[in-house]
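Participant: Requesting a structural model of the entry that follows:
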Amino acid sequence: MAKRERVMRMSVELPLWRALTAYRVLTMLYAIGLFVAATGRFAHPWVAVGYYAVLFVWTLATLPRVANAASCTKRFLAVDLAVALTGILLTPVAVSHHSIVDGGPTLPSIWTAGSVLAFAIKGGWRWAAFASTLVAVANLVERGAPTRDTVHNVILVWVASIAIGYVVEVARASELTLARALEIEAATRERERLARDIHDGVLQVLAMVQRRGSALGGEAAELGRMAGEQEVALRTLVSGGLLPVSRVSEDAALGAVVRAVEEPDDDGSPVDLRMLLARYATARVTLSEPGAPVPLTPVAARELAAAVGAALDNVREHVGESARAWILVEDEPDTVIVTVRDDGPGIPEGRLAQAEGEGRLGVALSIRGRLRELGGAAELISVPGQGTEVELKVPKV
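Facilitator: Predicted coordinates:
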């Protein structure tokens, strides 16, 4: 079955850049609106008109620059901050001295904060501290002397920008940690899936070759011995697993990237579980099923049928080819229950834990692992001398 790659991008920065883009446009219009509403306070209005013309063109022309971290380069940040500082220092030239004494706004007004916030989002709290300090110095020079309102505004911008820069740094670290955790989970799930497939196929064949070779003797015994060695090596590899490789985004502006390989759910149409279990019915395996279809999603039906197959493989391997087994299918309102029972001698207490420690993961992966991924459960009941019963439960979705 063809697989597809699912790509998940996680970034808290992208919403911040979008918010900053809107902030710059709105505050530019706000600054121009203040000029239009209070032209009387300007001693040299043409200075203000020239500056606002530059601010208008600069803000609109640089919107792509503040779309993400990759576009927002150090050179752009420097020029952008220079535009804000120039507007602050031009304020005493454009407006009347009385307006400055009364605490009137600077030419760029609150647009300046957008430039400082760009530093914070791009480089964190250290860059934010640098930019806000330059803005503070420019405001003090523009006022001529520190006033309560000036100091209040300077501290507000300084604290807010540093706080946002720190939050961005923490968010970046959290993104990488989350991406790593998701990749480990995806790699673990893929490892378990591969381990189940290997157990259901390769390991079973190697074990059979080892048994038949030992029984035949001669050259076949040597072949059986080699198959046994490969079985042990493969079980060790499967139980040890693979270490997932940490991935980072090709574009830092897009945040952390996680890739997971998943199998498509065919066309999503329900599958009758009875059709998949019918192939297990033989002269020694009795299948009891409802008269009506037992619909499940394709993935759930496949995995549940594979778990039943793994349980029957265990019966043949541990009880013998002549063992009898019974499969009972129960279609409950919210759950599908499949019970596999045999007439063998049962499983000694502690044997399953010992087998799992030896790398024999038939029950752990091929049965319980499959149902765990489906949100179900597998319960194994074994009484010495009375056979073994495996109850498989899968919720209906």
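Participant: which stretches of the stretch 251-397 of the chain form helices?
Facilitator: Counting by DSSP state H, counting those that start in this stretch, the stretch 251-397 of the chain has helices at residues 273-277, 298-318, 351-357, 370-373.
Participant: mind listing what residue 390 touches?
Facilitator: Applying Cβ atoms under 8 Å, 6 or more residues apart in numbering, one finds that residue 390 lies in contact with 311, 339-341, 367, 378-381. (Glycine included, C-beta is placed from N, CA and C.)
Participant: tell me the centre residue of this protein?
Facilitator: Nearest residue to the geometric centre of the chain (Cα atoms, centre = their mean): residue 182, 4.6 Å.
Participant: Tell me what angle the host helix or strand of that one forms with helix 298-318.
Facilitator: Residue 182 is part of helix 148-198 when elements are defined by DSSP states H and E. Here the directions of helix 148-198 and helix 298-318 differ by 40 degrees (axes from the mean of the first three to the mean of the last three Cα atoms, to 10 degrees).
Participant: elements contacting helix 148-198?
Facilitator: Here helix 148-198 touches strand 4-10, helix 13-37, helix 111-123, helix 125-143, helix 219-240, strand 256-262, helix 370-373, going by 3 or more Cβ pairs under 8 Å, 6 or more residues apart in numbering; DSSP states H and E.
Participant: redo that, cut-off 7 Å
Facilitator: Packing partners of helix 148-198 (3 or more Cβ pairs under 7 Å, 6 or more residues apart in numbering; DSSP states H and E): strand 4-10, helix 111-123, helix 125-143, helix 219-240, strand 256-262.
Participant: Following the chain onward from that helix, which element is next?
Facilitator: Next helix or strand after helix 148-198 toward the C-terminus (DSSP H and E): helix 204-216.
Participant: what about that next one, distance to the chain center?
Facilitator: Centroid displacement of helix 204-216 relative to its chain, using Cα atoms, centre = their mean, to the nearest Å, is 43 Å.
Participant: Run through the chain and note the low-pLDDT ranges.
Facilitator: Residue ranges of the chain with pLDDT under 70: 1-12, 101, 145-147, 149-150, 191-204, 229, 231-268, 348-366.
Participant: got the buried residues for stretch 170-180?
Facilitator: For stretch 170-180, a neighbour-count test (16 or more other Cβ atoms under 10 Å) marks 171-172, 175-176, 179-180 as buried.
Participant: how about residue 131, what does it touch?
Facilitator: Residues counted as contacts of residue 131 (Cβ atoms under 7 Å, 6 or more residues apart in numbering) are 81, 115-116, 119, 161.
Participant: returning to what we had before: farthest-separated two in the buried residues of stretch 170-180?
Facilitator: The largest separation in these, counting by Cβ to Cβ, is between 171 and 180 at 15.0 Å.
Participant: Dig out what residue 326 forms beta bridges with.
Facilitator: residue 286, residue 341 (DSSP bridges).
Participant: one step back: could the helices of the stretch 251-397 of the chain go into TSV alongside mean neighbour count?
Facilitator: Below are the helices of the stretch 251-397 of the chain laid out as TSV (neighbours: other Cβ atoms under 10 Å):
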stretch	mean neighbour count
helix 273-277	19
helix 298-318	21
helix 351-357	13
helix 370-373	18
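Participant: wait, which of those is closest to residue 230?
Facilitator: Closest among the helices of the stretch 251-397 of the chain, using Cβ to Cβ: helix 298-318, at 17.2 Å.
Participant: what's that closest one packed up against?
Facilitator: helix 273-277, strand 325-331, strand 335-342, helix 370-373, strand 388-395.
Participant: hmm, 8 Å instead?
Facilitator: Here helix 298-318 touches helix 204-216, strand 271-272, helix 273-277, strand 325-331, strand 335-342, helix 370-373, strand 388-395, going by 3+ Cβ pairs under 8 Å, 6+ apart.
Participant: I'd like those laid out as a markdown table, including distance to residue 32.
Facilitator: As requested, the helices and strands packed on helix 298-318 are exported to a markdown table (distance: least, Cβ to Cβ, whole Å):
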| stretch | distance to residue 32 |
| --- | --- |
| helix 204-216 | 77 |
| strand 271-272 | 64 |
| helix 273-277 | 69 |
| strand 325-331 | 71 |
| strand 335-342 | 66 |
| helix 370-373 | 59 |
| strand 388-395 | 61 |
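Participant: Understood, closing this out.
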